[in-house]
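>>> dropping the sequence and predicted coords here.
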Amino acid sequence: MTRAELRQLLDDVARVRVAVLGDFCLDAYWFVDPSRSEISLETGLETRPVREQRYSLGGAGNVVMNLLDLGVARVDVFGVIGPDPFGQELLRLLTRPRVNPAGLLIQPDNWSTHVYVKPHVGDTEQERLDFGNFNVLADEIATPLLARLEACLPEVDVVILNEQVVTGLHAQPFFQQALQALIARHPQCLFVLDSRHYSDRYNGTRRKINDHEAARLCGIQCAADELVLYDEARHAAETLYARWGLPVFVTRGRRGCLVADARGVHEIPGLQILGRTDPVGAGDSMLAGLAAALGAGRDNVTAATLGNFVAGVTVQKLFQTGTATPDEIMAIGAAPDYVYRPELAEDPRRARYLEGAEIEIVTALPTGARFTCAIFDHDGTISTLRQGWEQIMEPMMIRAILGPRFQQADEALYQKVVQRVRDYISRTTGVQTIRQMKGLVDMIREFGCVPPEQVLDPAGYKQVYNQDLMKLVRERLGKLERGELSVEDFTLKNAVRLLHELHRRGLRLYLASGTDVEDVVREATALGYAALFADRIYGSIGAEEKDAKKLVLERILAEIGPAAGRCLVTFGDGPVEIRETHKRGGYTVGIASDEVRRFGLNPAKRARLIQAGADLIVPDYSQLDWLLVALNLST
């Protein structure tokens, strides 16, 4: 989906009318403050004073909130609440523009509003209190509820059927039978079912279902914490589509989604998200996005893609069941960063190699491919002058986060910061330094050890890091200039020879790095190959929105024209250059290099590069002749 297509889709969604029938729930957060506790005269027990209380919509209510923030024209809600204060609070939260709550009925007996009360003492959640576990839907409520839904069908574009609670609407056989009859009477209507316990009911609906439930319905047993493999999820999607005869959307968490329909099984990859994530409510976001797109007349794959974007936004909103606005969806979906082939990346046993070589073939070279341009990343792809940068960035980030508490921080806090920093560096390897520093600023604010007025901007922290890193680089360049070490000591095996071979064959060589451009030119000159790139050396200019690797790819596309993708090969050891080339249809060689030895495989890099979209994986250029054959450049 192009930026223009996504923008048009969101504009069309703004005209969609949705009905939501389901289990409307309330999440209640009670914050207990023991400082005002006293002993009860009646019981002799200590009281638990609630200092603050917050309420938010859950279940079908969260689906409605997602739809509203997506911008749909109208949402009609259908459900049941109890004659209690919680029901009134739920109704109050739903009373807003573009929501019609007339289908929310009150059952006077044997029904309590579904509420999940989460008491907190400090930052620790206590035992949850649940309301509604003994509900029994009365037939005399079910009948008018479904009658109101049926009456509004001519006015809506899509109906979402939500089932989330064992003792909710769908628990009674009478309701199930009556709803199934309603669906059968309206085959022209678009129904989308999201059910935790009854996915095998309600023929005539498109179903959104998670991979564990899909596997279970196909006789594949997986524990809740066990991974459902891609092949298992695909088999389940195919089987369930054949069984039900309508499209099936099988969600796979961070691994994306599979869509099975009349055209086969389609994969929507997961999104690469660098920061922390919170999956609570992501399923509701996915459902809202795909249903809204279906209501706007889009095909199943496009609908799942929009749902994926919506969920990708909301999982980044911590400690809340977030929603996504059109602007937020455009930010993540206009040029999405996907995660490809996670199973292959995580399991080297699946690797296929060029016969007789250590070159892993992920995607075969297209027939007749002829490359005229080659883009190289610098650090870790050609040069190892900056090898060990992680060992400089890690302590720098730890000190920046802890600030004045660096020496006094207790062991628990210190280790928590260390683990966060190591995880962050691992996930952001290969991106611009300025972007890494932006993430550092977010972590500094999150931990709160540094007074707000003392927090630097990303450029300030980049300067601190660069000062430490450049000491190391200058020492190594000095040894090179004095003849104590040679070019081979600071480049990957056969890297310089490869550059000369490609240059001799007439390829235009580009060097694109996340390092500051002046430093890239200086280091490439010192290592003796800057002239091979002529004036085509690009680096960071200190602005996150002007990523050198993206800019050089855009320039090459402009120079070569529409056929650029078929003429371009990119070599890189980081995900950015691999992913950006993959988006543009170029061929990618992932350099899974061990920068300490300057040859041999780094398994962690291999995994990152495959997930970024690498077509070939090589540990170094020691098998140069084989590599040239694999790229159709042997002559």
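It's in. Numbers count the residues shown, from 1 in each chain.

>>> and the strands in the stretch 201-350 of the chain?
Assigned strands in the stretch 201-350 of the chain, in chain order: 206-210, 248-251, 257-261, 264-268, 270-271, 338-339 (criterion: DSSP state E, counting those that start in this stretch).

>>> show me where the stretch 101-250 of the chain has helices.
139-152, 173-185, 211-217, 230-244 (DSSP state H, counting those that start in this stretch).

>>> any idea which of those helices is most buried?
helix 211-217 (a mean of 22; mean count of other C-beta atoms under 10 Å). Heads up, the C-betas are built off the backbone N, CA and C, glycines and all.

>>> now mean pLDDT and distance to Arg399 too, for the helices of the stretch 101-250 of the chain, in JSON lines please.
Formatted as JSON lines, those follow (pLDDT from 0 to 100; distance: least, C-beta to C-beta, whole Å):
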{"stretch": "helix 139-152", "mean pLDDT": "97", "distance to Arg399": "60"}
{"stretch": "helix 173-185", "mean pLDDT": "97", "distance to Arg399": "60"}
{"stretch": "helix 211-217", "mean pLDDT": "94", "distance to Arg399": "42"}
{"stretch": "helix 230-244", "mean pLDDT": "95", "distance to Arg399": "42"}
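
>>> one step back: dump the strands of the stretch 201-350 of the chain to JSON lines, plus mean pLDDT.
Shown next, in JSON lines, are the strands of the stretch 201-350 of the chain (pLDDT from 0 to 100):
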{"stretch": "strand 206-210", "mean pLDDT": "96"}
{"stretch": "strand 248-251", "mean pLDDT": "97"}
{"stretch": "strand 257-261", "mean pLDDT": "97"}
{"stretch": "strand 264-268", "mean pLDDT": "96"}
{"stretch": "strand 270-271", "mean pLDDT": "92"}
{"stretch": "strand 338-339", "mean pLDDT": "92"}
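
>>> could you report the separation of Ile541 from Ala459?
Using C-beta to C-beta, to the nearest Å, one obtains 11 Å as the distance from Ile541 to Ala459.

>>> for the helices of the stretch 101-250 of the chain, give me TSV that also has distance to Asp327.
TSV is the format used below for the helices of the stretch 101-250 of the chain (distance: least, C-beta to C-beta, whole Å):
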stretch	distance to Asp327
helix 139-152	30
helix 173-185	36
helix 211-217	30
helix 230-244	32
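
>>> gap between the closest residue to Val136 other than its chain neighbours and Ala147?
Residue nearest to Val136 in three dimensions, not counting chain neighbours: Asn110, with 4.7 Å by C-beta to C-beta, 6 or more residues apart in numbering. Distance from Asn110 to Ala147, counting by C-beta to C-beta: 21 Å.

>>> over to Thr588?
58 Å.

>>> spit out the contact partners of the residue nearest to Val136.
134-136, 138 (C-beta atoms under 8 Å, 6 or more residues apart in numbering).

>>> give me the contact list for the longest helix anywhere in the chain.
Ordering each helix of the chain by length in residues (DSSP state H) puts helix 458-481 first. Residues outside helix 458-481 that contact it (C-beta under 8 Å, 6+ apart) are 385-386, 388-389, 392-393, 396, 400, 433-435, 437-438, 440-441, 456, 485-487, 489-490, 516, 519, 523, 526-527, 542, 544.

>>> low pLDDT regions in this structure?
319-321, 430, 542-549 (pLDDT under 70).

>>> report the beta-bridge partners for Arg207.
Leu193, Val248 (DSSP bridges).

>>> what about it, neighbour count?
25 (other C-beta atoms under 10 Å).

>>> and if you look at Glu226?
10.

>>> thinking again about what came up before, out of the strands of the stretch 201-350 of the chain, deepest packed?
strand 248-251 (a mean of 28).
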